[in-house]
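J.: could you look at this predicted model? Sequence included:
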Amino acid sequence: MTEIVRKILAEALGAMGIPVPERIEVEVPRDEALGDLSTPIAMSLSKQLRKPPKNIAQEIIANIRERGDFEKIEVAGPGFINFTLKKDSLYRSLSGFLREGDGLLSRKDIGKGRKILLEFVSANPTGPLHLGHGRGAALGAALANLLSAAGFSVIKEYYINDAGRQVGLLGESVFAKYQELLGKSYPFPEDGYRGAYVEDIAKKIALDETDRYKGLEFTPPQSDFFREYSCGQMLALIKADLEAFGVTFDTWQSEKELYERKPDEPESEVEKTIRYLREKGYTKTEEGATWFKATEFGDEKDRVIIRSGGAYTYFASDIAYHKKKVDVGYDELINIWGADHHGYIPRVKAALEALGYEKERLKVLLVQLVSLLRGGKPVQMSKRAGEFITLKDVMEEVGADTTKFMFLTRKADSHLDFDLEVAKAASAENPVYYVQYAYARINSILRHAAEKGFIEPQAGTGAVDVDLSPLSEPEEQRLIKKILLYPAVFEAAVYAREPHRITFYLQELAGIFHPYYNKHRIVAEDNRLTLARLALSRAARIVLRDGLHVLGVAAPERM
RNA sequence: GCGCCUGUAGCUCAGUUGGAUAGAGCAACUGCCUUCUAAGCAGUGGGUCAGGGGUUCGAAUCCCUUCAGGCGCACCA
């Protein structure tokens, strides 16, 4: 719908000899009495042309040739150009929309098949997922759906931090528990993990491997076994939780793998990367440690990649990881990180640049932390004592769809209070049900219509021929316009990488459909009218379904 | 101390990249089920857009500053 306006405006500007801006602003006026669409372009051009906005607006209007779709084009307020579409034009557009049918919303050309690697969650496999991970998961999954639908080729990846101190600590914690179970005492590591899951894993080992490791020290080979076994168990749990949350990944990249030499390779990915940086002169040795000269690429400090003790830092493998991503040939890398990692962005971008890639290739979306409340009071969580509420707990208490919807009605970088009582108490009144209910309701209507002998128009066949002109009620006009606006909202969401725009749109759409349903009977006495209303309902259904699918929220046939 | 994020209705949050008279849900109150689903609808009340300056035709949005909250500033991950 907005495209029509953009097009005629571009033509008019061209005819006036004015350079056409890259992106002509088109918006929906606040007050529907003002028109269907509006542009402030005359005001934007005012300074450049040194003419009053209203005069420019008049001139633009005078230069619009194709005005067949419009009832009215007029100047209003300080210089807006307002467009009111002809009903015929709306019906034509809606017919076109229906003709394309489910899943054929034409938008594949936005992404043009460009390849995106989307990395998200990537929680350490040292404990269960918490709510903050859930937020990242919901956003990542929705973003992947959004971008895929827009014609990007998206790979969802989970980076597993299975190397280094943290997993070692997990292994040792399990080891200590295991010894305790077998009646041997082994000092529990100071910063060890104390959650119940540690004991669960220890029990499983005691069961599967009996007392084979009883009384031993935490040294190889048993330390390797405990570390890898525990890590594997945690990962399985994480994977299961994510699946229950409706979030899946295409690839799981192991950090440890980046340190391993493949049979036919003389060096590991990490070694290769560091050698590359060293040869380029981007490293230095100071106080026994090897540093990456991040300051040469805009970071505020140089960063250690090999400690004086010889161990690699996390950053070393992270550079190798990002090098690998970019070498594979992705056009764009998107990382979704917790906001507590924001200080990390400049150094990763610096590394990318040192490796010869533009830092713009990487886009980091920061997800703000989630404060968990119950009845307005913060839920105390102590990781040390192993007391915390996990994503799984929240899913069981509140529900996966509601939890996801909560996350997706906020932009990523807003701080979020997640009150369990509110989420649960509002459950019946929750916006997610409002949207789902609209969808279920339409399905119910269509079922009812089928029973009454009205044949639901099928895409590519009957839909084209349905006469939509009986749709003259204001509620119907409003609904049609909202539906036709979906592609523009979708595109804006893609452009901004903000799935929450879809969430709000769906609430608005449902907020138009419900009153319409309440005021007018879809399946009525009049045959022509009923067919037209069914077609309109079906169009709303298509959009609701598509939007819910993007969000990763269920679209129930009935409720 | 420095950096990043946030501050919008009682609560939780949007605000179409600077546009018209700032919106939604929840909570509160009043009505609506014999008719396609009442997880719905109709209506009422609710604002110093944290404060102050600036930029311009125009600011919740951009800049400066103050205040408040969160998060970072390792040879941790």
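T.: Looks like it arrived, so ask away. Residues are numbered from 1 along each chain as shown, chains lettered A, B, ... in the order given.
J.: so is the closest residue to residue A:471 other than its chain neighbours in a helix, a strand, or just coil?
T.: Leaving aside its chain neighbours, residue A:471 sits nearest to residue A:532 (5.2 Å; criterion: C-beta to C-beta, 6 or more residues apart in numbering). (C-beta placed from N, C-alpha, C; glycine too.) Three-state call for residue A:532 (DSSP: H, G, I helix; E, B strand; the rest coil): helix.
J.: how about the contacts made by residue A:532?
T.: A:466, A:467, A:468, A:469, A:470, A:471 (C-beta atoms under 8 Å, 6 or more residues apart in numbering).
J.: tell me how far it lies from RNA strand B.
T.: With the distance defined as C-beta to the nearest atom of the strand, to the nearest Å, residue A:532 ends up 13 Å from RNA strand B.
J.: buried only: go through the contacts of residue A:532 for me.
T.: Neighbour counting with 16 or more other C-beta atoms under 10 Å marks A:466, A:468, A:470, A:471 as buried within the contacts of residue A:532.
J.: ok, so of the residues you listed, who is nearest residue A:541?
T.: Nearest to residue A:541 among those, counting by C-beta to C-beta, is residue A:466 at 14.5 Å.
J.: and the pLDDT at the nearest residue to the closest one once chain neighbours are set aside?
T.: Nearest non-adjacent residue to residue A:466, counting by C-beta to C-beta, 6+ apart: residue A:535, 4.5 Å away. Here the pLDDT value assigned to residue A:535 is 93.
J.: what's the helix or strand for residue A:535?
T.: Using DSSP states H and E, residue A:535 sits within helix A:527-551.
J.: from the stretch 151-300 of chain A, which residue is nearest to RNA strand B?
T.: For the stretch 151-300 of chain A and RNA strand B, the shortest gap (C-beta to the nearest atom of the strand) falls at residue A:287, measuring 2.9 Å.
J.: which ones are touching the residue lying closest to that residue once chain neighbours are set aside?
T.: Spatial nearest neighbour of residue A:287, chain neighbours left out: residue A:308 (6.2 Å); criterion: C-beta to C-beta, 6+ apart. By C-beta under 8 Å, 6+ apart, the contact list for residue A:308 reads A:287, A:288, A:289.
J.: any idea how far residue A:259 is from the last one?
T.: Which is residue A:289. Separation of residue A:289 from residue A:259 (C-beta to C-beta, to the nearest Å) stands at 18 Å.
J.: one more: the second one?
T.: Taking C-beta to C-beta as the measure, residue A:288 and residue A:259 are separated by 21 Å.
J.: more neighbours, the two?
T.: residue A:259 (17 against 10; other C-beta atoms under 10 Å).
J.: state the pLDDT value of the more buried one.
T.: Residue A:259 carries a pLDDT value of 95.
J.: what's near enough to touch it?
T.: Neighbours of residue A:259 in contact, by C-beta under 8 Å, 6+ apart: A:163, A:268, A:269, A:270, A:312, A:317.
J.: I'd like those residues laid out as CSV, including distance to residue A:523 and secondary structure.
T.: CSV is the format used below for the contacts of residue A:259 (distance: C-beta to C-beta, whole Å; DSSP: H, G, I helix; E, B strand; the rest coil):
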residue, distance to residue A:523, secondary structure
A:163, 62, coil
A:268, 67, coil
A:269, 63, helix
A:270, 66, helix
A:312, 68, strand
A:317, 62, helix
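J.: any quick PyMOL command for the buried ones out of those?
T.: Buried members of these, defined by 16+ other C-beta under 10 Å, are picked up in PyMOL with:
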select buried, chain A and resi 163+268+269+270+312+317
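J.: show me what contacts the residue most central in space within chain A?
T.: What sits nearest the mean C-alpha location of chain A, by C-alpha atoms, centre = their mean, is residue A:143, with 2.6 Å. Residues near residue A:143 by C-beta under 8 Å, 6+ apart: A:118, A:334, A:336, A:365, A:497, A:499.
J.: next up, the contacts around the residue lying closest to residue A:330 once chain neighbours are set aside.
T.: Excluding its sequence neighbours, the residue lying closest to residue A:330 (C-beta to C-beta, 6+ apart) is residue A:117, at 4.4 Å. By C-beta under 8 Å, 6+ apart, the contact list for residue A:117 reads A:154, A:155, A:157, A:325, A:328, A:330, A:332, A:333, A:334.
J.: now swap in residue A:472 and tell me
T.: Each residue near residue A:472 by C-beta under 8 Å, 6+ apart is listed here: residue A:87.
J.: for it, give me phi and psi.
T.: phi -110, psi -10 (degrees, to the nearest 10).
J.: how about residue A:415?
T.: Phi and psi for residue A:415, reported as degrees, to the nearest 10, are phi -70, psi 140.
J.: and it, what is it in contact with?
T.: Taking C-beta under 8 Å, 6+ apart, we find residue A:415 in contact with A:368, A:369, A:371.
J.: retrieve the pLDDT associated with it.
T.: 88.
J.: returning to that earlier point: buried subset of the contacts of residue A:143, written for PyMOL?
T.: Of the contacts of residue A:143, the buried ones can be selected in PyMOL as follows, counting by 16+ other C-beta under 10 Å:
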select buried, chain A and resi 118+334+336+365+497+499
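J.: sweet, I'm off.
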